[in-house]
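> Below are the sequence and a predicted model; questions follow.
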Amino acid sequence: MDEKIERPNLNVIPGSPIYVGERDPTETAFSLIGYDSSRAWLKSADTVEELLAAKNSPLGDLNPPGGLKPPIVWINVNGLKDSAAITRLAEHYGIHPLTVEDILDTGQRPKVEEFDNYLFFILKDLHSREGPELVSEQISLVLLENTVITFQEAAGDPFDGIRRRILNNGGRVRKMGADYLAYGLVDSVVDAYFLVLDDMGAKIEDFENRAMDEKDGAFMPDIQKVKQALLRIRRVVWPLRESLSLLPQLNPAFIHEDLGPFIKDLHDNVIQVVETVETYRELIAGVMEVNLSAVSNRLNQVMKVLAIISTLFIPLTFIVGVYGMNFTHMPELDYPYAYPLTWAAMILIAGGMVLFFKHRRWF
Amino acid sequence: MDEKIERPNLNVIPGSPIYVGERDPTETAFSLIGYDSSRAWLKSADTVEELLAAKNSPLGDLNPPGGLKPPIVWINVNGLKDSAAITRLAEHYGIHPLTVEDILDTGQRPKVEEFDNYLFFILKDLHSREGPELVSEQISLVLLENTVITFQEAAGDPFDGIRRRILNNGGRVRKMGADYLAYGLVDSVVDAYFLVLDDMGAKIEDFENRAMDEKDGAFMPDIQKVKQALLRIRRVVWPLRESLSLLPQLNPAFIHEDLGPFIKDLHDNVIQVVETVETYRELIAGVMEVNLSAVSNRLNQVMKVLAIISTLFIPLTFIVGVYGMNFTHMPELDYPYAYPLTWAAMILIAGGMVLFFKHRRWF
Amino acid sequence: MDEKIERPNLNVIPGSPIYVGERDPTETAFSLIGYDSSRAWLKSADTVEELLAAKNSPLGDLNPPGGLKPPIVWINVNGLKDSAAITRLAEHYGIHPLTVEDILDTGQRPKVEEFDNYLFFILKDLHSREGPELVSEQISLVLLENTVITFQEAAGDPFDGIRRRILNNGGRVRKMGADYLAYGLVDSVVDAYFLVLDDMGAKIEDFENRAMDEKDGAFMPDIQKVKQALLRIRRVVWPLRESLSLLPQLNPAFIHEDLGPFIKDLHDNVIQVVETVETYRELIAGVMEVNLSAVSNRLNQVMKVLAIISTLFIPLTFIVGVYGMNFTHMPELDYPYAYPLTWAAMILIAGGMVLFFKHRRWF
Amino acid sequence: MDEKIERPNLNVIPGSPIYVGERDPTETAFSLIGYDSSRAWLKSADTVEELLAAKNSPLGDLNPPGGLKPPIVWINVNGLKDSAAITRLAEHYGIHPLTVEDILDTGQRPKVEEFDNYLFFILKDLHSREGPELVSEQISLVLLENTVITFQEAAGDPFDGIRRRILNNGGRVRKMGADYLAYGLVDSVVDAYFLVLDDMGAKIEDFENRAMDEKDGAFMPDIQKVKQALLRIRRVVWPLRESLSLLPQLNPAFIHEDLGPFIKDLHDNVIQVVETVETYRELIAGVMEVNLSAVSNRLNQVMKVLAIISTLFIPLTFIVGVYGMNFTHMPELDYPYAYPLTWAAMILIAGGMVLFFKHRRWF
Amino acid sequence: MDEKIERPNLNVIPGSPIYVGERDPTETAFSLIGYDSSRAWLKSADTVEELLAAKNSPLGDLNPPGGLKPPIVWINVNGLKDSAAITRLAEHYGIHPLTVEDILDTGQRPKVEEFDNYLFFILKDLHSREGPELVSEQISLVLLENTVITFQEAAGDPFDGIRRRILNNGGRVRKMGADYLAYGLVDSVVDAYFLVLDDMGAKIEDFENRAMDEKDGAFMPDIQKVKQALLRIRRVVWPLRESLSLLPQLNPAFIHEDLGPFIKDLHDNVIQVVETVETYRELIAGVMEVNLSAVSNRLNQVMKVLAIISTLFIPLTFIVGVYGMNFTHMPELDYPYAYPLTWAAMILIAGGMVLFFKHRRWF
């Protein structure tokens, strides 16, 4: 079972959140990106205090004098080992202790939850960046007013494109609010599923080519692995489907109305992932049917050849056995044309058999 | 896998929409049909500017002086290569950038979306006009007030009938509004699915005739191809089912009340496509059951003949072997009637076997 | 594929409705039944004009002077060939052109539609009155105030019972309104499904008796035919289920409140048809499992007999072969008790084998 | 097909209700139980008039002077033959003619219907009280104010427990209203399903024990019988599920608020029956998988033994055949050690084969 | 069938609740834990009176003078034998007789019910604490204002962690209300399902390793046992899913608003159990497919070896048989090179066969 079933933490005393997961936790590191429509800055930090201090340092003169939009801040937390620091950060932003537990427990289901002062997303980043294995990594996202905080299980995330776009002022992101940033981050996680699905698609195409000829026993286990991977994607995407469809009805303080078309777009993508998974599952069922039918056809071929050879020669062997008997009184043995007549009889019998087989359309 | 899973564009920088698809994009060409109840005109154009200039040129004196209905304009865009021109056209009509991205990305799911000033449809035109292969082509439709704009991936569309009816004043189309034109265009795309389904139906009928006799290995892969094509039709029609049922509740500025029965009719057709696909899937399952049962019956026949021949002759061959032994002291060998008695014994044994088989109803 | 998939008319120019169907259209003939609680009259007609003229001719003195209920008129149209006459009739009663198209197109799904001045029903009459084949015939019904118009594809309908009851004043029909007449007509169509289902039931019972012994290849194709017929019934009944459940909420001008229990009864019957179809499908699945298991058991029996005979005699045949060798120096050959000892050895081996088989419980 | 599909009456002229069913109708007999919290009396009657006269005879002085609760009357009708008497009884209580038809037609689906002055229940009593066969009997129940009327197809009902409790003043029944009595009667019908399910459970357990060894052909047909019986229970219980969940919203004149917890309890029991049926179906599917796997394993064993014996001895038989040839010039024949060397070669070949089989893990 | 289907009590006279279950009832014992944010005490009792007396004994001076929160009391009842005592306890707290019946009947479905003065939970504790068998034990929970009463079928419960936390003031429990205590107790039951699922997961992983090689007949029955256990878990968890989603809408006297996130968390866990069960079922289906395919591959291998050996040697054996015949006139026998030529012919034939097999890719 490659498919590790993730589950929430048991027997953990509420009140002292710690990392819960299958892997060793990665060391915690912080980074911060701040931007408004005219500027953007990036800052790394080792401690929460350093991070919070750096939050608006380079702004200085940019501080909006009045009525202007404040800058957007995106804090990214890499690695969940230092649970104390994460708890301090969460307390600074007024995040509920249950949310902190969820962030630190990597066995959560994807979900979107609304709290009084923030929205909380749990996502699963699926990728095979580090090898042939499909790796699942939990990404949590907290959307506050003008601030987005993301938490990752390990280094390496699908957010590089957005980082670059913010810093280079590409696309719409610099012109819009924190909700658009959150949308972009979730969207990049969902986009990564398509890469994984492309990979699956190539494998299924390969299976389809092998299905007719495949004889070695690895075929079926290989297919099962792809099926398990599809199960995993579905488990990861399915809950998002419902959560995202509820997003537009949430507190408009977090999700502004002009984000509507983008959320719809994201929702469409999620549905497309789900439908593609279903389609792949049906294709795999088809591959297995073809393979089963091919295996059974081959067995039938073999059995038919065996049956034809056997039924052809078994009667003949009986006949030659008869004249191999050593009875003293066997008149045929001394008959001069006995041998050629025996041959003639055997050829007749064999020919009749062949005609019978032809008639039954065994050839 | 003939079934290409379509997916939305990844890593595209929002803000600069470009064509995304499996095929090379076709050169972009524009055409315009204008009409009211008394006149209709057709105009081709190479650039957006030429197109927009031509929009109401031949009208001149026809411009309704007061209270009269303005003419309906249908702009058709063939080929999605010139994304700049398409963007300009979209801006002229106040179309949202996300819609432009969807038009240019041929991996979209069929859908109907409502915007403030227009309705947006994505459809898939399925046809085999260019060969035996089933081709899927994306058609986008924007319904504004008095104007319909259609975008096609490639030349060749299912709209010829409507074009002719507009120009020849056939049917109701000249008497009704832009919403009826949009209905007619969507309806012609859906009607084309029935042609594809007819084709499938003929293939399934052919499978039913072959199912009892089929021995060559191509049967199952052929069936799988039809199953994949049915999957594809379902994926293309299913989303329409829901979208169309929501249409009557949309902004009455786009969909007038008197269009109600037509939309219901369209919805009925879509449901009929979905139900036919489901029925075909069940018929195919039945074909496979018949084929499986026929294959298994044939194998049983072969095995039974083999078993009968073997069990008839193996004991006899043993007997003749016994009297082929070269022992010095075998009293039977010299007994004068040994040979005919042996034959008699063998015939008795064989006869008994045959009776046994009859009793077991193996014949 | 006996199952003809019906589909709506394509490429038909709206505005000039003509007959669309698989069969040659039957010549159109009209008949009219008028009745109130005290009288009933029947009239045939060849043209629409004749029909409409005959509508209230025999009433004369019966015309209700004031406040009395007007008579109910039921017009039956047999055969859809004369589309012009049908269109004229429809126009006389203010029936929408789309409805006329639906009446003339025999590839429609069953449905109930509400229009401003009438209710429109499409039903499928399933019967095997003309032979062993299951025939599907479209029946359309328009319910206006005090008038019911029925349209049939071909002569021969399930309405005879109601005709007789009206003319003989049997049951409630003469005492109630046009809505009760419509209910009665729809109910008689639904009742006919039970006759067809009874037939299926008898066939399935027959399959159950054959399942254990069946060897000839016709079994599975026969079953598939029944499965296809069940598919067909389901396709014909399923849409009614939903439509009928919406009836009570429609315009009370057509469906009076006191019809409520009757519609509920009708709805119950439709649900019972659907459930019976589902039950039959499960029974058929069971029959196929029994048959599959019987076939596989029989093959196992055959293989076991083959295996027992082969494994019993092959070693013995080897032994007698050994002593059939012609080596000059084979001391056993001259040993006086060699022959009986060989027999003893062979009997021992065979006996051991039999014990082994018994132990393995192959008998 | 043991499963008789029940269906409503066809071609029955409305207005003259008669018995419709598979069996001969039982003679009709009436009985009446009246009770209040202080007294209870039981009365049998042969005619409706006698029954109605007996309704409050023994009450006499118990007649509540003012404001006191009137007594509850439970009329039980056994056997549906005398449709005229039943119709008279129904008219006395103002029961709708359609309800009378439903009572007399034993092919109805279970349901709960609300009328202006009563609630109408149709139930199916499943039992095997009279033999190994599962018998289904229709029980109708009409709940009026202070009166409950039950109609049974045949004598013998599951109501004995309640009768005893009323007469002996056991439990709550004497203290509560007619709605509680109706609840108790329905509950006793549902409780009887558990007895039938217990029986099924025992049979499935027996199947599980036989699944590994079963060879005779009766196994699969036996399983199918249980599957059909489960289908039957589900068909009988499923409609109740929905009907009962709607009960609390009905007219409070029939169902008082304090019955709420009891209805919920009844509903829970019905759901438990449905879930148990589903679980049994899954268990049966599991049994069939085990049996299939066991059959296939046994066949594999047989084939392997056959293959091993054949492949061991066929080459050896060939060798001894070679030295049984009668060629004049065969130098080996006269070689003194030829015979033992041949044996040695044969033993070597056989040993090699055995090693090969071991390597392939056929043992 | 390890799966015991539980069912409600039949034929029990309402009004005198007694224990109903599969096992012998355990002797009843009581214990009580009281706590507020500053103190906690534990007390055992043998009778209800002793228990109720002990309820607030140690509080004394702690009794809140005014406005302070009263202490929370948790009464735990171990064993359901003494139904009289349990009834007395229930009456003391105003618990409905139907609830008492449910508590004493261990065949109930899990559910949550709202009464006027309390909430009632039925849960199933699944564990294998006492052996390899999966044991199911009913736990009932009554949540009143400031009081929680739990009833257990047998000693040994999953509540130890919470007991310790209350007594040692660990986590949030001492700071929150009775509703949080109830949440904690339900949560610990649900958490125990994950332990059982972990066990299943390990078994499935083991099956996956065995699936390719498995030959002994125990494989399939073992899998069926796990499938049955999964069925059981699903039956136990599924009803909770719905009940918990309705909890937040219940009377806020029992469930305070600040419990919202905790209930959501619990609900998430329940959904995760259900999804894991579904995933496990799909994994098991995959294991069976792999096993089936492996078995069929192995059989094909065996049959192919048998066919190759047979078809290789059967013709050769026929040839040597020919020259073993004893005809007087067989010219070949005396031809000097006959023997080596025969060998040459046989080698040619065998070689040709091998090439034929290679061509057909049987190796």
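It's in.
> Helices along the stretch 101-250 of chain A, start to end?
Listed in chain order, the helices found in the stretch 101-250 of chain A under DSSP state H, counting those that start in this stretch are A:160-167, A:178-210, A:219-246.
> Dump those into JSON lines; add mean neighbour count as well.
All C-beta atoms are positioned from the backbone trio N, CA, C, and that covers glycine. JSON lines is the format used below for those (neighbours: other Cβ atoms under 10 Å in any protein chain shown):
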{"stretch": "helix A:160-167", "mean neighbour count": "16"}
{"stretch": "helix A:178-210", "mean neighbour count": "20"}
{"stretch": "helix A:219-246", "mean neighbour count": "20"}
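> Figure out which of these is closest to chain B.
If you check each of the helices of the stretch 101-250 of chain A against chain B by Cβ to the nearest Cβ, helix A:178-210 wins as the nearest, at 4.2 Å.
> what helices or strands is the closest one leaning on?
Packed against helix A:178-210 by the contact rule (3 or more Cβ pairs under 8 Å, 6 or more residues apart in numbering or on different chains; DSSP states H and E) you find strand A:72-78, strand A:119-127, strand A:135-144, strand A:147-152, helix A:160-167, helix A:219-246, helix A:260-322.
> picking that back up, okay, the helices of the stretch 101-250 of chain A in CSV with mean pLDDT next?
Output for the helices of the stretch 101-250 of chain A, formatted as CSV (pLDDT from 0 to 100):
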stretch, mean pLDDT
helix A:160-167, 88
helix A:178-210, 89
helix A:219-246, 87
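> Counting neighbours, what do you get for A:Gly34?
Applying other Cβ atoms under 10 Å in any protein chain shown, we find 25 other residues in the vicinity of A:Gly34.
> nope, A:Pro331 is what I was after
For A:Pro331, the count of nearby residues is 9 (other Cβ under 10 Å).
> hmm, back to that, and of the helices and strands packed on helix A:178-210, who's closest to chain C?
helix A:260-322 (9.1 Å).
> wait, doesn't A:Val320 sit right on E:Phe327?
No: the criterion here is Cβ atoms under 8 Å, and A:Val320 misses it with E:Phe327 at 10.4 Å.
> Spell out which residues are contacts of both of those two.
Shared contacts of A:Val320 and E:Phe327 (Cβ atoms under 8 Å, 6 or more residues apart in numbering or on different chains): A:Thr342.
> Which of the two has more residues huddled nearby?
The residue with more neighbours, out of A:Val320 and E:Phe327, is A:Val320; 24 against 21, by other Cβ under 10 Å.
> Let me know the pLDDT of the more buried one.
pLDDT for A:Val320: 91.
> Please name the nearest non-neighbouring residue to it.
Distances taken as Cβ to Cβ, 6 or more residues apart in numbering or on different chains put E:Gly321 closest to A:Val320, at 3.7 Å, once the chain neighbours are dropped.
> Looks like that neighbour contacts A:Gly321 (just checking).
Yes: when contacts are counted by Cβ under 8 Å, E:Gly321 is listed as touching A:Gly321 (6.0 Å).
> Could you pull out the buried residues of the lowest-mean-pLDDT helix or strand in chain A?
The weakest-scoring helix or strand in chain A, judged by mean pLDDT, DSSP states H and E, is helix A:48-54 (a mean of 82). Buried positions in helix A:48-54, judged by neighbour count with 16 or more other Cβ atoms under 10 Å in any protein chain shown: A:48, A:51-52, A:54.
> Please identify which of these is nearest to D:Thr150.
Nearest to D:Thr150 among the buried residues of helix A:48-54, counting by Cβ to Cβ, is A:Val48 at 75.0 Å.
> Distance to E:His267 added to the helices of the stretch 101-250 of chain A, as a markdown table?
Compiled in a markdown table, the helices of the stretch 101-250 of chain A are given as follows (distance: least, Cβ to Cβ, whole Å):
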| stretch | distance to E:His267 |
| --- | --- |
| helix A:160-167 | 32 |
| helix A:178-210 | 23 |
| helix A:219-246 | 12 |
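> and B:Ala202, which of those helices is closest to it?
Ranking the helices of the stretch 101-250 of chain A by proximity to B:Ala202 (Cβ to Cβ) places helix A:178-210 first, at 24.2 Å.
> Next, the angle strand A:119-127 makes with the closest one.
Between helix A:178-210 and strand A:119-127, the angle comes out at 30 degrees (axes from the mean of the first three to the mean of the last three Cα atoms, to 10 degrees).
> Helix A:178-210 versus strand A:147-152: what angle between them?
Using the same axes, to 10 degrees: helix A:178-210 against strand A:147-152 is 30 degrees.
> any bit of stretch A:353-362 sitting next to chain B?
Yes: in terms of Cβ under 8 Å from any Cβ of the partner chain, part of stretch A:353-362 sits within range of chain B, namely A:360, A:362.
> how about that stretch: buried residues?
Buried residues in stretch A:353-362 (16+ other Cβ under 10 Å): A:353, A:357, A:362.
> still on that earlier bit, please work out which residues outside the least confident helix or strand of chain A touch it.
With contacts defined as Cβ under 8 Å, 6+ apart, helix A:48-54 is touched by A:30, A:32, A:43, A:45, A:75, A:85, A:88-89, A:92.
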